[in-house]
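Asker: Quick one: sequence and predicted model below, then my questions.
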There are 2 protein chains.
Amino acid sequence: MEEKEGGVTTPQGFKAAGVFAGIRRKKKDMALIYSEVPCVVAGTFTTNIVKAAPVKWDMEMVKNSPYVQAVVVNSGVANTCTGAAGMSHCKDMAETTGMLLDIPAEAVLVASTGLIGKQLPMDKIKLGIQNLVPMLGSSHEDASLAAEAILTTDTRKKELAVEIELGGKKVVIGGMCKGSGMIHPNMCTMLAFITTDACISKELLQEALSSDVNDTYNMISVDGDTSTNDTVLLLANGLAGNEEIKEKNQDYQKFVEALNFINTYFAKRIAEDGEGATSLFEAKVINAADKEQAAKLAKSIISSSLTKAAIFGRDINWGRIVCAMGYSGAQFDPDGVDLYFESSVGKIKLIEDGVEMLYSKDAAEKILSQPEITVIVDIKMGCASATAWGCDLTYDYVRINAAYTSWEVPNGNRSYA
Amino acid sequence: MEEKEGGVTTPQGFKAAGVFAGIRRKKKDMALIYSEVPCVVAGTFTTNIVKAAPVKWDMEMVKNSPYVQAVVVNSGVANTCTGAAGMSHCKDMAETTGMLLDIPAEAVLVASTGLIGKQLPMDKIKLGIQNLVPMLGSSHEDASLAAEAILTTDTRKKELAVEIELGGKKVVIGGMCKGSGMIHPNMCTMLAFITTDACISKELLQEALSSDVNDTYNMISVDGDTSTNDTVLLLANGLAGNEEIKEKNQDYQKFVEALNFINTYFAKRIAEDGEGATSLFEAKVINAADKEQAAKLAKSIISSSLTKAAIFGRDINWGRIVCAMGYSGAQFDPDGVDLYFESSVGKIKLIEDGVEMLYSKDAAEKILSQPEITVIVDIKMGCASATAWGCDLTYDYVRINAAYTSWEVPNGNRSYA
């Protein structure tokens, strides 16, 4: 597997574009991904009962559309809690895009991210689509414009591509994603768009994705709020020319491994770029009785507000970590816990069998001073493990979220009066 | 029922004291409650798997001790994750107190709150107990000193008393509590101590308490972190002389009603005095199919970080509230939701049947500008309802928790090196 500087346009036959359509105040706010040939598609979506209109549309298309060929995305307005009008706007986005690309509306997937409760400004959206279509290009620069246009409070774009070889053919997987706020994916995730030129059956594509999101996006949390718009889409157009993957053979394993590499990369980038974050905070639970126990404990640690605030202050407050494990819902023996902090400058053991050890405070503080911090918890019950990723809780998280509506939307007026 | 300015010493026969023992840097840090005669006792405790030594002690005593007569409390150090030494220190606290009061150690309950992982400074604790015993008094001032000594990051003491009449006898219930951080009680709560001179059987006392905490302390959250030390103790010494309550008669109902009044008052005071909070944020879910559904939805709303930050910014961001309902785990129809904001200056409807209505932004902002804000959500499915209480998420929450260990503990050094 070779990591490449690239994004959604790196696999053969994919084009992309990103533009400013005036939905957000200043920043690019619409993106389009297009495949020259039909794709099989897999998707995972939010488990929130309140689902955005585009989530409902995509769930239907991923399930029933024979193929898809494009994804149109806007940021700024989420098209959530918008009733029948919102659903009609979403369909309108797909139809407009389909008409201009000369493909059926059912071959167009839609994603929206931003403020809940506002209707999409359809005049701007339609003009945006008209501008996107002629700009479609297959360079990395084109992919980057799209990656930029899907962001909301993210501070940087997130893209990557990897190359593998399947039966002598080069197969590429590329992708882009956005995260930042309302991030606590559950059997699903925020917005991530993965493209590949691999030839693979729709069933295995969906199985590969559904299984992998459990270890990647579903193991991150920025603020515990599971969004109404979480969506991961994986499009495969088959142009690599590899023998179609129709069973769980070695090619499938290689494909899954590459997909996991990209999804893990994105999960970490989303966590470290959480709203207001200054650090990536990783929790590894090792020697658990089973995976489920390890995952519950790891996710509880990185979701604890108190622990996140302590990480922001680079404070050696391991008690909050053990406390978060205790209320996770997973059973374990508190008197059998060993706990370590680790970062690029070293590793230190703080507790053994549930009780604080002798350790150097200076060494611990040096380890905590880094931008990527890992806590390792050994619960000595078996050989399963899990890793979860979060970020610190900072003043900036509060600043950003205390004034989101007025900050994000032009004119800052949410009433229709 | 008559509300009285009072606390744990207001019921007959109860005395209290609070002192500075040098565990915290400057503030009072030890309290003692004592009843002149033996009490029946009820208790509810944290469900966190990691339980503080005093929680383990109290669970044993509430279950097996024939009676109790005193509660000794320290703040500053939680005596959690302290192994065998911690358990021995806890027992030592009970024995020292018992010896000086001439009662068995098994008649002394213990509570600790503060930093996890540190051992109690037993020299200071013992001196503290020696100072507390001769200071015991039955005035409201004595109760207030105790109420002050149990605080950690709380900004104000919390106490109350109420009087009811049972069979012609005046019966008083008094109490004090502390909250502030690591507050997300689950079938239990933070520290609350309730005293009463009612004559009531141990079984009914426990049943009254266990049932009531579900509607009161278990419906608040400051930060989603369920503490390792949560404890509610309810001591009844029978000095009011009412006929013993041995069945669920009218006297029992009156007692339960008065207990609920005190516990609701404390739950709200703990929520509004959450670390860094500037407001009390109340969520009422009405017309639910059943109580469990209403409670899940209400608690999810007041626990959402994004919603809490929006309340801090007095931002009309109702989308986050609907989002939090959607991931609560409770089923409901998003297209059937009506939502209102209410405070002392008025009430306004923002959404009807899941979609935003025409409303005056100025009127909504005026309502949100108050220190107590209620969101009312009508889900039109039945006639059950539930109320939960939280607070806003502020810069000060982050400030307080980014440096808790160094801020709270003398010398700020957590290592033994």
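Answerer: The structure has been received and is ready for your questions.

Asker: Can you identify the helix in chain A that spans the most residues?
Answerer: Using DSSP state H to define each element, chain A has its longest helix at helix A:250-272.

Asker: Can you dump the C-alpha atoms of that one in CSV for me?
Answerer: What follows is helix A:250-272, C-alpha atoms only, in CSV (Å, rounded to 0.1, in the frame of the first residue of the first chain):
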residue,chain,number,x,y,z
GLN,A,250,-7.1,-11.8,-0.7
ASP,A,251,-8.0,-8.8,-3.0
TYR,A,252,-10.9,-8.0,-0.7
GLN,A,253,-8.6,-8.1,2.4
LYS,A,254,-6.2,-5.7,0.6
PHE,A,255,-9.0,-3.4,-0.3
VAL,A,256,-10.4,-3.4,3.2
GLU,A,257,-6.9,-2.7,4.6
ALA,A,258,-6.5,0.3,2.3
LEU,A,259,-10.0,1.6,3.2
ASN,A,260,-9.2,1.2,6.9
PHE,A,261,-6.0,3.2,6.4
ILE,A,262,-7.9,6.1,4.8
ASN,A,263,-10.8,6.0,7.3
THR,A,264,-8.4,5.9,10.3
TYR,A,265,-6.5,8.8,8.9
PHE,A,266,-9.7,10.8,8.4
ALA,A,267,-11.1,9.9,11.9
LYS,A,268,-7.9,11.2,13.5
ARG,A,269,-7.9,14.4,11.4
ILE,A,270,-11.5,15.0,12.3
ALA,A,271,-10.8,14.5,16.0
GLU,A,272,-7.7,16.7,16.1
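
Asker: so what secondary structure elements neighbour the top strand by length along chain A?
Answerer: If each strand of chain A is counted by residues according to DSSP state E, the longest one is strand A:30-45. When contacts are defined as 3 or more C-beta pairs under 8 Å, 6 or more residues apart in numbering or on different chains; DSSP states H and E, strand A:30-45 packs onto strand A:14-19, helix A:53-64, strand A:68-77, helix A:122-135, helix A:140-149, strand A:191-196, helix A:202-215, strand A:231-236. Every residue, glycine included, has its C-beta placed from N, CA and C.

Asker: Could you pull out the buried residues of that strand?
Answerer: Residues A:30-35, A:38-45 are the ones in strand A:30-45 that count as buried (16 or more other C-beta atoms under 10 Å in any protein chain shown).

Asker: Quick one: mean pLDDT for that strand?
Answerer: Strand A:30-45 carries an average pLDDT of 93.

Asker: go on, stretch A:313-321?
Answerer: pLDDT averaged over stretch A:313-321 gives 86.

Asker: what's the first-to-last distance across that stretch?
Answerer: 15 Å (C-alpha to C-alpha, to the nearest Å).

Asker: if I look at A:Trp389, how far off is chain B?
Answerer: Counting by C-beta to the nearest C-beta, to the nearest Å, the gap from A:Trp389 to chain B is 17 Å.

Asker: Check what pLDDT A:Ser305 gets.
Answerer: Note for A:Ser305: predicted pLDDT of 84.

Asker: So it sits against B:Lys308, correct?
Answerer: No. In terms of C-beta atoms under 8 Å, A:Ser305 does not count as a neighbour of B:Lys308; the distance is 9.7 Å.

Asker: Between these two, tell me which one has more neighbours.
Answerer: B:Lys308 (32 against 27; other C-beta atoms under 10 Å in any protein chain shown).

Asker: which residue packs closest to the residue in the stretch 201-350 of chain A positioned nearest to chain B, ignoring adjacent ones?
Answerer: Minimum separation of the stretch 201-350 of chain A from chain B (C-beta to the nearest C-beta) falls at A:Gly319, amounting to 2.5 Å. In space, and not counting its chain neighbours, A:Gly319 is closest to B:Ile116: 2.5 Å by C-beta to C-beta, 6 or more residues apart in numbering or on different chains.
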